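A.B. asks: pasting the structure only:
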């Protein structure tokens, strides 16, 4: 996720183009928005669901590539972490030491903070971003290389040190959001199950939930790939694709190969050597319709999520790297909203925000969210495309950007709620 979420650029004033998709609804006016057109980027949408109700809105006129539809797969960014956690957590709980197991026991190498060599790093810390790991200078480690080559005890000391936080922060002491945590978790899961991460996710969650989705396109049908929506960037006044303009043909998956193995393909990747290979941190491709299916699956299977939804970390007075204010509490791969009001707060869904759980995503132009209300059974999934990396329009009521606030408010209004976020 980008750390520059809330800077202020000039607002675009382009008119909205509505396209029906599935059970669609006209776009409700965003809460507290007067005499202005919401800026939702070149294509965007949401699906809002509640027991017995489902409403969708899609802005589909993409300036580059294919029209954006409810069933268009795209790179969902860090929502991928939460989806991965819903499979990894049950695997961990099935083992004798559970979530408090030292990840090194099944990782294939000894993982330790260089300044804390005797302090184990448990699965719980990796899932909650309290492990001490950072995204190091070789991030992401490409397929063809191993995680041990940068994180293991035989890695060059300067390289290894770059993947960990300050020496005065022992593992478990501080929250610092890092993709590397989920690469380690994916490799651990591969070694425990003997199954490649992408296939593990397909078999244990994505296929049973009825999605046409997969990490780095693994398992996604050819028909869905032909509907792929690329992540967009505005360059010199022209929209350009950043990612997914040409997905690999089915059944191939995409992997980032190292320079020394340029012809390496997904089938060449051996499980248990490099957890970055299938991008557990952000590489899930799925559609808004798939996101809605997952949200309903999570709500229907509360036993899977009950421990994940409990905060492991809460923002303290000393501060931390909390993604520009959008994270104030975090469970096991799940953002836990506290309901704190104001522009530094996380009351994204209004007065009952503390009942909502889920995850945000932010990469390659896409800003996404998959959240559910554990009390009411409501859920809201959204995607905004073409967001710039810096100088973003600040939210007026929360730590989110203004377009995110407006799209959430529209989704809540579609469910019949009278108040928007904040």
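C.D. replies: Right, received. Where do you want to start? Just so it is clear, the structure is predicted and the values come from calculations on it, not from any experiment. Residues are numbered from 1 along each chain as shown.
A.B. asks: what comes into contact with the worst-scoring helix or strand of the chain on mean pLDDT?
C.D. replies: Ranked by mean pLDDT, DSSP states H and E, the helix or strand of the chain with the weakest confidence is helix 302-305, at a mean of 85. If you take Cβ atoms under 8 Å, 6 or more residues apart in numbering as the criterion, helix 302-305 is touched by 86, 89-90, 298, 334, 357, 374. Where you see a C-beta, it was placed from the backbone N, CA and C, and this is true even at glycine.
A.B. asks: list buried residues within those.
C.D. replies: Among the contacts of helix 302-305, those classed as buried by neighbour count (16 or more other Cβ atoms under 10 Å) are 86, 89, 298, 334, 357.
A.B. asks: so where does the third one fall, helix or strand?
C.D. replies: Which is residue 298. Here residue 298 is covered by helix 288-300, with elements defined by DSSP states H and E.
A.B. asks: pLDDT wise, what is the closest residue to residue 401 other than its chain neighbours at?
C.D. replies: Once flanking residues are discounted, residue 401 sits nearest to residue 392: 4.9 Å by Cβ to Cβ, 6 or more residues apart in numbering. Looking at residue 392, its pLDDT stands at 85.
A.B. asks: my read: residue 392 touches residue 399, true?
C.D. replies: No. The pair residue 392 and residue 399 does not pass the contact test of Cβ atoms under 8 Å, sitting 11.5 Å apart.
A.B. asks: of those two, who's got more company?
C.D. replies: residue 399 (26 against 23; other Cβ atoms under 10 Å).
A.B. asks: that one in helix, strand or coil?
C.D. replies: Secondary structure, DSSP: H, G, I helix; E, B strand; the rest coil: residue 399 is coil.
A.B. asks: next one: it from residue 335, what distance?
C.D. replies: Note on residue 399: its distance to residue 335, by Cβ to Cβ, to the nearest Å, is 12 Å.
A.B. asks: again with residue 77
C.D. replies: Relative to residue 335, and taking Cβ to Cβ, residue 77 is found at 13 Å.
A.B. asks: what's the answer for residue 205, then?
C.D. replies: 19 Å.
A.B. asks: which one's more surrounded, those two?
C.D. replies: The residue with more neighbours, out of residue 205 and residue 335, is residue 335; 27 against 21, by other Cβ under 10 Å.
A.B. asks: which ones among the buried ones among the contacts of helix 302-305 map onto strands?
C.D. replies: Of the buried ones among the contacts of helix 302-305, the ones assigned to strands by DSSP state E are residue 357.
A.B. asks: tell me which two in the buried ones among the contacts of helix 302-305 are the farthest apart.
C.D. replies: 89 and 357 (13.6 Å; Cβ to Cβ).
A.B. asks: give the contact list for residue 298.
C.D. replies: Taking Cβ under 8 Å, 6+ apart, one finds 86, 304-305, 372 in contact with residue 298.
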